[in-house]
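Participant: fold the following, please.
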Amino acid sequence: MSNAEAEPAVMRCGPPDDDVRQAGVPRVDVLPARDVPLGGPRSMTVRRTLPQRDRTLIGAWCFADHYGPDEVTDRGGMALAPHPHTGLQTVTWLFSGEVEHRDTLGTHALVRSGELNLMTSGYGIAHSEVSTPRTTVVHGVQLWVALPAEHRNAARDFQHHVPEPVRMQGAEIRVFLGSLADDVSPVRTFTPLLGAEIILEPRMTVAFSVDTGFEHGVLVDSGDVRVADTLLHRAEMGYVPPGADVLTLSNESDAPARTILLGGTPFEEEIVMWWNFIGRTHEDVVKAREDWEASSERFGTIQGFPGGRLPAPALPNATIRPRRNPPRR
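Facilitator: The predicted structure follows:
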C-alpha cells in the first residue's frame, strides 16, 4: 500500500532512547492511532500507529496502518495506482478481502486473508494494489520495514508465504515473520524481526516466550486486550521495551480478540521518511522524488495496470529534519 497523503509528514526516525523496563511486569506504552484519509470522500481511511511522536520505530518496523472492516460498496475498496518505494520492505497482511498486486519485477500476485506478501524495494521499485471484484470487505494492516544501510540498495524482491495456523490453549497464531510459539517463518528479512497474528479466545490469557533483545508492539484489531497490566482497546498499539522474556496477553472481551504482534531488535540507525521513500538524508528523498517524476528506470514499469501512475506530492519548502523518539524514562 502507498502512503497516499497529499501532505505527508516529514519523519526522521532513530533508535529509541529508552530501553529501560521496570522489574517484574514489563512497562507498556499506549500508542493511539490517528485517522489518515488516503484520497477522496469515498476512499479508505486508515488508523496509523507508526510512526508518531511518541514512537517512530519498533525494531525495524517503521510504518503501521490498520484499516477496515470497510464495505467496498461504501468505500470503493483498495485502489492504489502504481507508486514507488525506496529503502524499505512492504508487508501486506489481510484479515478479509483479496488484493491484486503488480510490481516492476513483473510480479502479478493475489494476497488473501492469512497470506503474506512481502516486497523489497531496495534502491527502487514500483507497485500497484487493487481490491479484486470478489472482495466485499477490506480489512487488514499495511506495514513497512526499514532496510539497514548495508542493504538499503538491495535487489528488488517479492516473497509470498501462507503460514499454517498454530493452535495453543486459548489462542490461534499465524507467524508470518520470525518465530513465536515454536513456529518459524521461512521469509527472509534483513534484520531480526517478529510478525504474527494472534487470535485470543474470549476471556483467555496466554503467555508467550519472547526474545529479551527485542522491543515489541501489540496492535489490537478487535476486542479489549490487556498486555501485562495495561489494557488496550481497538486500534491502539502497546509498546514494550526490550528486556521482557514473556508477553502476557489477556482477552477481556466476550468475543474473540485479534492482535498483530510486531517485534525486532532496536534499529540503531537514523532514517528519513517522506511519502513512500526512506533514505538517510534529505537529498536521498529529493533524488528519489525527482527520479519518480522523471519516470526513471530506477523504478521500472508495471505491466498490465489499466491506468496511470500516482504522482508524488510537493516536497516541503524546507530541509527535512529529524523527528526523534521521546527521551528515556
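
Participant: E283: helix or strand, and which one exactly?
Facilitator: Using DSSP states H and E, E283 falls within helix 282-293.

Participant: show me where the stretch 1-150 of the chain dips below the pLDDT cut-off.
Facilitator: 1-23, 39-42 (pLDDT under 70).

Participant: name all residues that make contact with the residue lying closest to E98 once chain neighbours are set aside.
Facilitator: Setting aside the residues directly before and after it, E98 is nearest to T132 in space (CB to CB, 6 or more residues apart in numbering), at 4.5 Å. All C-beta spots, glycine's among them, are computed from the backbone N, C-alpha and C. The neighbourhood of T132, defined by CB atoms under 8 Å, 6 or more residues apart in numbering, consists of 98-100, 110.

Participant: turn those into CSV, columns for distance to D70, neighbour count and secondary structure.
Facilitator: Output for those, formatted as CSV (distance: CB to CB, whole Å; neighbours: other CB atoms under 10 Å; DSSP: H, G, I helix; E, B strand; the rest coil):
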residue, distance to D70, neighbour count, secondary structure
E98, 14, 20, strand
V99, 13, 24, strand
E100, 17, 18, strand
L110, 19, 13, strand
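
Participant: want to throw those into TSV with distance to W61?
Facilitator: TSV is the format used below for the contacts of T132 (distance: CB to CB, whole Å):
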residue	distance to W61
E98	25
V99	20
E100	25
L110	24
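
Participant: so the most centrally placed residue in the chain is in which element?
Facilitator: The centroid of the chain falls nearest to L143 when counting by CA atoms, centre = their mean (1.4 Å). Using DSSP H and E, the element containing L143 is strand 137-146.

Participant: please compute how far that strand lies from its chain's middle.
Facilitator: Taking CA atoms, centre = their mean, to the nearest Å, one finds the center of strand 137-146 at 5 Å from the center of the full chain.

Participant: on contacts alone, who are the packing partners of that strand?
Facilitator: Contacts defined by 3 or more CB pairs under 8 Å, 6 or more residues apart in numbering; DSSP states H and E place strand 137-146 against strand 61-71, helix 72-75, strand 88-96.

Participant: run the angle between it and strand 61-71 for me.
Facilitator: 170 degrees (axes from the mean of the first three to the mean of the last three CA atoms, to 10 degrees).
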